[in-house]
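S.K.: Fold the following.
(chains A and B)
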Amino acid sequence: MAGFFKINLMKPLMRKKRLGCSMKWFYMMHDSVSSLSYKRLDVTQLAAEVDRLPELPQAVVGVMRALEEPDVDADDLASIIRLDPNLTAQILRLSNSAAYGLSRRVETVKDAVAILGQNTLKSLLYTILSHQALTQEMPGYALKAGDLWSHAMTGAFYARHMSKNLHLLGLASSAKMDPEVVFTAALLRDIGKIILAAYVGANYSDIEHYALKHQVSFQQAERHVIGASHTDVGEAIAERWQLPQSILRTIAYHHTPLNAPKSLNPQDDLVLALVHLADGIASLLGKGVGCDGLMYQIDFSALNTAGLVLEKEQFERLIAEFMIIQPQLDDMLSTMKA
Amino acid sequence: MPIQTTETIAMGDVIICDNRTRVFELPQLASGLLVCLYDPGLPLLGLAHIVLPDSTIAADSSEAVAGKYADRAMPLLIQGFEDKSGSLERSVIKLVGGAQLFSFGGGGGNILNIGSRNAIAVRAFLSKYGLAVEKADVGGNKVRTVKIILATGQIMIQQIGAREYIL
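M.R.: Now for the predicted structure:
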């Protein structure tokens, strides 16, 4: 069981090299700066910080593992979930929220699993898991309690909605992708902020100055000033949690999709593009935005590369669509808050 | 002294209020535009939190979403204000918000500038009535926290890393 979460500290570094990304920022971090100063984040400290994250609940680990088995059924999954009363209660509560639009009330975990399906169950588990981490106050990013959670969920809702309505983006609806993977990737995209917040707080003015002076995003400026960005840290967390490659890749490159390494699965580029776009729109609408504010861009050339066509009118229509699904999102947020 | 009550402004809200104890707050205003109409004589406050400039692109044309679009929210704001005996001649009009994302290299500048298009749409509407904006804090790349005190008509704005100031 423990092996599931064991992080290979060298793995992220080796993978970066293999993917052809710049290693410069890792080496730059070995400056003579105190590791306790929160001024810079070196590779050892990053690994230690990631290692300090709380372990995932046993029931969640069990369900995730069971979901990997080809012949798992609702009975198997329900019997694991029932071992954790808190998890059981949360799954039932969320299943009955307006966001899932079920036609009848779900009374048992087995019902929930059977009706939602395994993919939705998986994204529901990630939602429950990430809730606590993303809900905390993060003064370093000037985020009040609940802000980052709101940003994460807003982006996740937007991204999933687009994946189910690809015609809004000029794509044939036949493009195959799992909307729940898109949801989870978007939900966890800023998970690195839970660690990087303290470092951003200690370096904010330098980061902002660098971003404005060099016309780069806040995330790129984080990397320059601190030595790692929230996407780098997020990638390390995703490695530790052994998240699927598509999700890990999206966390790592959701601000810079054109820099992502080539994927064997062509749908991965579409997942990444949708999350990139959803993130930008969530920020543009001021949903749970911190001190990094709007210091990001939506890279339209990256969207085009992924096959998305988005002119001014379509962009506004998309935002209008998101306002229609806003009540579902609000319901989900208030259900989680209760 | 009466106790002040604070109300949060949501996207698409059109508010007309003459309750002197009321304070309105908008915690994270980004590309949206807050139109503030204030008649100091009564006093009467009119607010519209606009998200997009033009409703003709929307699939949903219901009344519920009217306040989200400049072309539908502004007539509602003016009508509601006059219904409450607000005087447009005596009123002060201020605009806040309209921030936008960075735009460099990746294209999309003219697609993303929703904030400035919202402001253009509102100014064009007001000019039809011969009304001018007295003050505006519009644009930039940072979200704003806005607080409006009805009793005084003061609009307080704060951006992260900067001091709060009165518009």
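
S.K.: Let me see the contact set for A:Ala273.
M.R.: A:Pro257, A:Ala302, A:Leu303, A:Thr305, A:Ala306, A:Gly307, A:Leu308 (Cβ atoms under 8 Å, 6 or more residues apart in numbering or on different chains). For glycine as for every other residue, the C-beta is placed from the backbone atoms N, C-alpha and C.

S.K.: what's the neighbour count on the first one?
M.R.: For A:Pro257, the number of neighbouring residues by other Cβ atoms under 10 Å in any protein chain shown comes to 24.

S.K.: what's the spacing between it and A:Leu243?
M.R.: Distance from A:Pro257 to A:Leu243, counting by Cβ to Cβ, to the nearest Å: 18 Å.

S.K.: now do the fifth one
M.R.: Using Cβ to Cβ, A:Ala306 is found at 21 Å from A:Leu243.

S.K.: Need phi/psi at B:Leu29.
M.R.: Per-residue torsions, B:Leu29: phi -90, psi 120 (degrees, to the nearest 10).

S.K.: tell me the average confidence for stretch A:55-66?
M.R.: Averaging the model's pLDDT scores along stretch A:55-66 yields 79.

S.K.: for the chain, what are the low-confidence residue spans?
M.R.: Just so you know, I chose chain A. Where chain A drops to pLDDT under 70, the residues are A:1-37, A:173-175.

S.K.: could you do chain B instead?
M.R.: B:1, B:105-109.

S.K.: could you pull out the helices for chain B?
M.R.: Remark: helices assigned in chain B by DSSP state H are B:70-83, B:109-112, B:114-128.

S.K.: Using CSV, lay out the ones you listed together with distance to A:Gln136.
M.R.: As requested, the helices of chain B are arranged in CSV below (distance: least, Cβ to Cβ, whole Å):
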stretch, distance to A:Gln136
helix B:70-83, 36
helix B:109-112, 31
helix B:114-128, 30
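
S.K.: Figure out which of those is closest to A:Gly290.
M.R.: Nearest to A:Gly290 among those is helix B:114-128 (18.6 Å), distances taken as Cβ to Cβ.

S.K.: what helices or strands is the closest one leaning on?
M.R.: Contacting helix B:114-128 under the criterion 3 or more Cβ pairs under 8 Å, 6 or more residues apart in numbering or on different chains; DSSP states H and E are the following elements: helix A:312-337, strand B:33-39, strand B:44-50, helix B:70-83, strand B:92-97, strand B:135-138.

S.K.: Show me how far that helix is from its chain's centre.
M.R.: Using Cα atoms, centre = their mean, to the nearest Å, we find the averaged C-alpha position of helix B:114-128 to lie 11 Å away from the chain's own average C-alpha position.

S.K.: And for stretch A:52-62?
M.R.: The gap between the average C-alpha position of stretch A:52-62 and the chain average comes to 18 Å, counting by Cα atoms, centre = their mean.

S.K.: what does chain B have sitting close to chain A?
M.R.: For chain B, the residues found near chain A under the criterion Cβ under 8 Å from any Cβ of the partner chain are B:11-12, B:28-32, B:51-54, B:57-60, B:65, B:68, B:99-108, B:110-112, B:114, B:141-143, B:160-161.

S.K.: Tabulate the helices and strands packed on helix B:114-128 in CSV, adding columns for distance to A:His131 and mean neighbour count.
M.R.: Rendered in CSV, the data for those read as follows (distance: least, Cβ to Cβ, whole Å; neighbours: other Cβ atoms under 10 Å in any protein chain shown):
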stretch, distance to A:His131, mean neighbour count
helix A:312-337, 6, 17
strand B:33-39, 31, 25
strand B:44-50, 28, 26
helix B:70-83, 34, 19
strand B:92-97, 30, 21
strand B:135-138, 35, 18
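
S.K.: can I get those in CSV with distance to A:Pro85?
M.R.: Below are those laid out as CSV (distance: least, Cβ to Cβ, whole Å):
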stretch, distance to A:Pro85
helix A:312-337, 17
strand B:33-39, 45
strand B:44-50, 42
helix B:70-83, 47
strand B:92-97, 45
strand B:135-138, 51
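
S.K.: out of those, nearest to A:Ile237?
M.R.: Within the helices and strands packed on helix B:114-128, the stretch nearest A:Ile237 is helix A:312-337; the backing value is 20.6 Å (Cβ to Cβ).

S.K.: and that closest one, what other elements does it pack with?
M.R.: Helices and strands in packing contact with helix A:312-337 are listed as helix A:85-95, helix A:147-164, helix A:267-284, helix B:109-112, helix B:114-128; criterion 3+ Cβ pairs under 8 Å, 6+ apart.

S.K.: and the stretch 101-250 of chain A, which residues reach chain B?
M.R.: For the stretch 101-250 of chain A, the residues in contact with chain B (Cβ under 8 Å from any Cβ) are A:Ala142, A:Asp147, A:Tyr204, A:Ser205, A:Glu208, A:Gln215, A:Ser217.

S.K.: Of these, just the buried ones, ChimeraX syntax please.
M.R.: Here is the ChimeraX command that picks out the buried ones among those, judged by 16 or more other Cβ atoms under 10 Å in any protein chain shown:
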select /A:142,147,204,208,217
